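> coordinates for the following, if possible.
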Amino acid sequence: MKEHSMQKGGLLIAEPFMVDPHFKRTVVLLCEHANDGSVGFILNKGLDMKIGELVGDFPEFDASVFYGGPVGTDTIHYIHNVGDLLESSHPVGQGIYWGGDFEKLKFLISSGLVQPHNIKFFVGYSGWSNDQLKEEMGYGSWLTGQLDTNYVFNSKPKALWKEVMENMGEAMSVIAQINDNYSWN
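Predicted structure coming up:
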């Protein structure tokens with residue numbers, strides 16, 4: 001299995017036996033990774049709501065919302081693939097951007113220039129202090145993986161963890177087959 005380092009635009013994949021309910025069988029896109037901490041969004045924990053239910057003056061838009069993580073659950077974030085159209089967005093990886101001018105985003109949506117397949121909305125985010133993520137890596141809580149834009153915009157969220165694990169090689173593919181309702185008894 002090829003090792004990937006923790007970096008902006010990289011993936012954190014929950015190790016198969018992680019029991020933390022926030023992160024069990026999750027895939028996190030790291031959008032920021034620096035000495036003072038890291039920020040990412042869980043790509044595969046959908047919420048049963050649409051963005052218009054959370055933002056009052058939002059245009060009609062059939063985009064789902066995801067649970068980004070346990071930090072700042074009173075905030076909304078978004079990643080998208082229209083960085084050239086949306087000022088103030090931050091490049092994360094090849095063809096993937098984080099944030100941007102919210103009023104301009106609403107205009108682009110109203111104009112039909114941003115479609116639901118171009119963007120993912122998140123309630124909250126996943127955050128780690130300066131050495132916290134490094135410490136968790138040392139405990140073996142996370143595997144690292146390489147970003148593929150298909151994981152973000154085209155994969156089925158419920159199948160994403162297994163898909164990423166299977167793409168990491170034969171050993172991880174076998175582990176990905178383990179039922180997540182395993183018992184230690």
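
> low-confidence ranges, the chain, go.
1-5, 170-185 (pLDDT under 70).

> strands of that one, residue ranges please.
11-14, 27-34, 37-42, 46-50, 64-67, 71-80, 90-93, 96-98, 119-129, 142-145 (DSSP state E).

> rebuild the ones you listed as JSON lines, extending it with distance to Asn167 and mean neighbour count.
Placement of C-beta: from N, CA and C, glycine included. Formatted as JSON lines, these follow (distance: least, Cβ to Cβ, whole Å; neighbours: other Cβ atoms under 10 Å):
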{"stretch": "strand 11-14", "distance to Asn167": "10", "mean neighbour count": "24"}
{"stretch": "strand 27-34", "distance to Asn167": "11", "mean neighbour count": "21"}
{"stretch": "strand 37-42", "distance to Asn167": "18", "mean neighbour count": "24"}
{"stretch": "strand 46-50", "distance to Asn167": "21", "mean neighbour count": "13"}
{"stretch": "strand 64-67", "distance to Asn167": "21", "mean neighbour count": "19"}
{"stretch": "strand 71-80", "distance to Asn167": "20", "mean neighbour count": "17"}
{"stretch": "strand 90-93", "distance to Asn167": "16", "mean neighbour count": "18"}
{"stretch": "strand 96-98", "distance to Asn167": "17", "mean neighbour count": "22"}
{"stretch": "strand 119-129", "distance to Asn167": "20", "mean neighbour count": "21"}
{"stretch": "strand 142-145", "distance to Asn167": "8", "mean neighbour count": "20"}
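
> ok, Tyr125 - contacts?
39-41, 68-69, 71-72, 75, 77 (Cβ atoms under 8 Å, 6 or more residues apart in numbering).

> redo that, cut-off 7 Å
39-41, 68-69, 71-72, 77 (Cβ atoms under 7 Å, 6 or more residues apart in numbering).

> what's the farthest-apart pair in those residues?
Spanning the widest gap among the contacts of Tyr125 are Gly40 and Gly72, at 12.4 Å by Cβ to Cβ.

> dump the contacts of Tyr125 to JSON lines, plus distance to Val19.
JSON lines is the format used below for the contacts of Tyr125 (distance: Cβ to Cβ, whole Å):
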{"residue": "Val39", "distance to Val19": "23"}
{"residue": "Gly40", "distance to Val19": "20"}
{"residue": "Phe41", "distance to Val19": "21"}
{"residue": "Gly68", "distance to Val19": "20"}
{"residue": "Gly69", "distance to Val19": "17"}
{"residue": "Val71", "distance to Val19": "19"}
{"residue": "Gly72", "distance to Val19": "23"}
{"residue": "His77", "distance to Val19": "26"}
